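# what's the 3D shape of this:
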Amino acid sequence: MKIISWNVAGLRACLKKGFADFFYREDADVYCLQEVKATIDQYDFHPEGWHEYLNAADRKGYSGTLIYTKIEPIQVTYGIGNSIFDSEGRAITLEFNQFFLVNFYVPNVKRTLERMDERLLWEQLVREYLKKLDQRKPVVVCGDFNVAYQEIDICNAKANRGNAGFTDQERENFGQLLADCNFIDSFRYYHPELTGAYTWWSYIGNCRERNIGWRIDYFLVSKRFIHQVTDTMIYADVYGSDHCPIGIECFLPQKENQGFSRKLEQVATGVTTKDNVAISDKKNNPNTLVTQVKNLKEASKGSVIHYPEFIRDGDTIAIVAPSDGVTVKEDITRLDRAIQKFKQQHFSVIEAKHVRSTDGRGKSCASPIQTKEFMSMWENEKVKAIFCVAGGDFLLEMLSYLDDKVLAKFTKWVQGYSDPTGILFYLTTKFRIATLYANNFMAFGMEDWHESLVNNLAILKGEKMIQKSFTLYDSGCCEDPLVPGNYVLDTPVVWKRLFKNQPVKVRGRLLGGCLDVLVSMIGTRFDYVEEFLRDFYEDGIIWYFDNCELSSESLIRALWQLKEAGWFKETRAILFGRTMTNRSYYQISFEQALEEVLQELNVPVLWDIDVGHIPPRMTFVNGAIAEVVYDGKEKGSIEFFFE
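Numbers count the residues shown, from 1 in each chain. Reported below is the predicted structural model:
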């Protein structure tokens with residue numbers, strides 16, 4: 001996807017100086033213009049097939065922003081919510097599937113610095129505005145910022161110190177914008193020491209011909225988005241304004257990826273079709289050609305989550321025992337009732353041979369046999385969903401016997417929780433298949449299904465994608481009526497937020513499972529987290545963890561290990577279910593253990609949510625986009641988007 005930004009210093013004047021030729025020749029996907037100085041009826045450039053969004057100033061012939069885009073945005077927002085600046089038409093925000101695009105024309109403090117107070121107010125408002133956007137998805141901000149940030153960005157820095165656009169206040173505020181919003185100046189990221197790269201020149205004294213200029217036009221991007229930027233451009237020899245256009249190209253692996261094939265072709269040939277690109281990564285770094293091609297090709301692989309077909313009446317589901325099986329009389333009763341319940345829902349049910357077996361040590365049978373039974377269900381084209389019958393302790397040993405070539409041929413739902421984390425996590429991170437961290441099959445043996453079970457089946461059928469926190473949970477303090485299998489709901493559900501109890505609304509790609517299992521996968525040949533984070537960099541990750549047996553001390557060590565292994569890169573939020581244990585030799589509480597490691601991540605952390613061993617449990621879809629909402633008091637919700 002190619003985006004160009006240009007302060008045209010009056011669109012009507014620029015149209016007379018070749019703007020249309022540049023527009024069609026560059027063939028970008030989006031053009032962001034500043035200082036348009038016109039209303040919609042004052043210019044005659046409305047290209048067919050393009051979406052056009054103008055934010056004109058109330059004052060005639062002044063300011064104004066405009067965006068042309070081939071790709072229709074999800075939403076358009078004009079202004080930043082301040083009447084003074086919004087009346088000047090200084091901002092337009094487009095929301096796309098994978099990022100926000102913001103077009104700014106930042107107020108000029110004027111030669112006498114008379115608008116400095118207004119400029120400082122603008123900076124404050126903009127920081128808050130952009131931080132809120134960045135909480136939802138990555139942000140790309142472009143436009144005329146009216147400040148040269150570093151001395152390298154201006155010719156004759158010493159002589160211009162203190163002048164409008166190069167005052168200490170303006171530069172400090174720009175730096176604060178980068179720091180507070182976690183933004184990166186995309187051009188300087190790729191060209192940290194390049195001199196003579198300017199975007200504005202005074203009309204006085206042939207400054208442009210002598211290249212006595214300032215770099216005051218920028219593309220700033222969220223830090224987690226920077227590796228999506230594959231090229232940065234300054235079109236120094238394009239005239240039509242006292243500014244020149246600037247641009248970036250982004251690799252977007254899914255829908256908004258119109259520029260990728262064009263970019264790959266240019267990198268592969270080493271030739272750009274843009275004769276007027278003054279600065280190019282390939283030109284300055286010719287030795288990186290092969291690496292760029294390889295990285296772009298690799299980034300295009302496996303970057304889509306494969307969602308299995310929803311199950312329907314008449315479909316076949318399978319029960320397997322890759323962890324432990326069920327042999328206790330009461331559990332057999334539940335299992336039989338669960339099978340009957342699904343048959344009443346018009347499903348056929350088949351079970352693997354060792355579902356009703358155990359070796360007495362946390363496994364249904366030997367790992368090679370468990371693998372064979374699982375793979376037989378995986379290859380069975382009639383089977384649309386596979387349920388793990390129960391948890392256990394040693395499913396990870398089964399991974400060593402899996403046939404990856406066969407796994408790659410099929411896509412179907414696999415569901416379970418606790419020890420089944422091993423197979424779920426591997427399928428999602430390596431093969432990009434969405435999996436369900438949800439009830440083991442035996443839970444469906446409840447006489448009267450709890451809401452959580454109804455929701456679970458509804459998600460499998462594609463009928464429900466949002467779940468709200470429950471009212472009560474089963475603390476396990478009461479003796480369970482084993483045969484009916486009903487929950488004893490005796491304790492209020494209270495979601496909590498670590499560090500500060502404020503509302504949360506966050507969106508990202510969901511990934512997680514039982515922490516006891518996940519920590520054992522780190523660094524093994526079944527650990528594909530680094531690749532997963534690379535391919536879904538733009539989405540960010542919402543991690544969720546279910547603690548079964550880890551003491552507070554073990555929990556601290558486990559979270560430290562995940563952090564040092566790089567698993568928390570690009571994390572948007574972390575969710576913890578109700579813990580099964582509160583053991584600690586040093587009297588460290590569960591909350592204190594979380595704080596010990598997670599505080600430095602500076603992301604929302606919710607705990608005691610409805611996931612994991614202590615029922616009722618929500619259904620979590622590994623690999624799906626999730627939007628998590630917490631009201632700041634005690635309740636929350638999670639909604640899934642199959643993107």
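
# And the longest helix seen in the chain, what does it pack against?
Among the elements of type helix in the chain, defined by DSSP state H, the one spanning the most residues is helix 116-134. With contacts defined as 3 or more C-beta pairs under 8 Å, 6 or more residues apart in numbering; DSSP states H and E, the secondary structure elements packing on helix 116-134 are helix 83-86, strand 100-105, strand 139-144, helix 168-181. Backbone N, C-alpha and C define where each C-beta goes, glycine included.

# from the middle of its chain, how far away would that helix be?
Remark: helix 116-134 is offset 24 Å from the chain centroid, using C-alpha atoms, centre = their mean, to the nearest Å.

# Contacts only, for residue 366.
Taking C-beta atoms under 8 Å, 6 or more residues apart in numbering as the contact definition, residue 366 lies against residue 359.

# and if we set it to 10 Å?
Each residue near residue 366 by C-beta atoms under 10 Å, 6 or more residues apart in numbering is listed here: 354, 359, 372, 397, 398, 401.

# Could you count how many residues lie near the fourth one?
Under the neighbour criterion other C-beta atoms under 10 Å, residue 397 is assigned a count of 16.

# any idea which of the helices and strands packed on helix 116-134 is most buried?
For the helices and strands packed on helix 116-134, average neighbour numbers computed from mean count of other C-beta atoms under 10 Å are highest in strand 139-144, which has a mean of 26.

# Average pLDDT for it, rounded please.
For strand 139-144, mean pLDDT is 97.

# Then stretch 123-131?
If you average the pLDDT values across stretch 123-131, you get 94.

# what kind of secondary structure is the residue of the chain most remote from its centre in?
In the chain, the residue that sits farthest from the middle, by C-alpha atoms, centre = their mean, is residue 205; the gap is 48.4 Å. The assignment at residue 205 comes out as helix when based on DSSP: H, G, I helix; E, B strand; the rest coil.

# Would you mark the buried spots in stretch 586-598?
The neighbour-count check on stretch 586-598 (16 or more other C-beta atoms under 10 Å) flags 588, 590, 591, 593, 594, 596, 597, 598 as buried.

# want to try JSON lines for the helices and strands packed on helix 116-134, with distance to residue 66 as columns?
As requested, these are exported to JSON lines (distance: least, C-beta to C-beta, whole Å):
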{"stretch": "helix 83-86", "distance to residue 66": "15"}
{"stretch": "strand 100-105", "distance to residue 66": "8"}
{"stretch": "strand 139-144", "distance to residue 66": "11"}
{"stretch": "helix 168-181", "distance to residue 66": "23"}
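
# Compare these and give me the one nearest residue 209.
Ranking the helices and strands packed on helix 116-134 by their distance to residue 209 (criterion: C-beta to C-beta) puts strand 139-144 first, at 21.6 Å.

# Just name the shakiest helix or strand of this structure by mean pLDDT.
For the chain, using mean pLDDT, DSSP states H and E, the weakest element among its helices and strands is helix 281-284, scoring a mean of 30.

# on that earlier part again, between the helices and strands packed on helix 116-134, which gets nearest to residue 212?
Closest to residue 212 of the helices and strands packed on helix 116-134, according to C-beta to C-beta: strand 139-144, at 18.4 Å.

# ok, the nearest residue to residue 583 once chain neighbours are set aside - contacts?
By the measure of C-beta to C-beta, 6 or more residues apart in numbering, the closest residue to residue 583 outside its immediate chain neighbours is residue 551, 4.2 Å from it. If a contact means C-beta under 10 Å, 6+ apart, then residue 551 has 557, 581, 582, 583, 584, 585, 586, 588, 590, 593 as its contacts.

# now swap in residue 137 and tell me
For residue 137, the residues meeting the contact criterion (C-beta under 10 Å, 6+ apart) are 95-100, 222, 224-225, 507-508, 538-540, 572, 625.

# change it to 8 Å
Neighbour list for residue 137: 95, 98, 99, 100, 507, 538, 539, 540 [criterion: C-beta under 8 Å, 6+ apart].

# Narrow those to just the buried residues.
Restricting these to buried positions leaves 95, 98, 99, 100, 507, 538, 539, 540, with burial counted as 16+ other C-beta under 10 Å.

# Could you measure from the first one over to residue 507?
What that stands for is residue 95. 12 Å (C-beta to C-beta, to the nearest Å).
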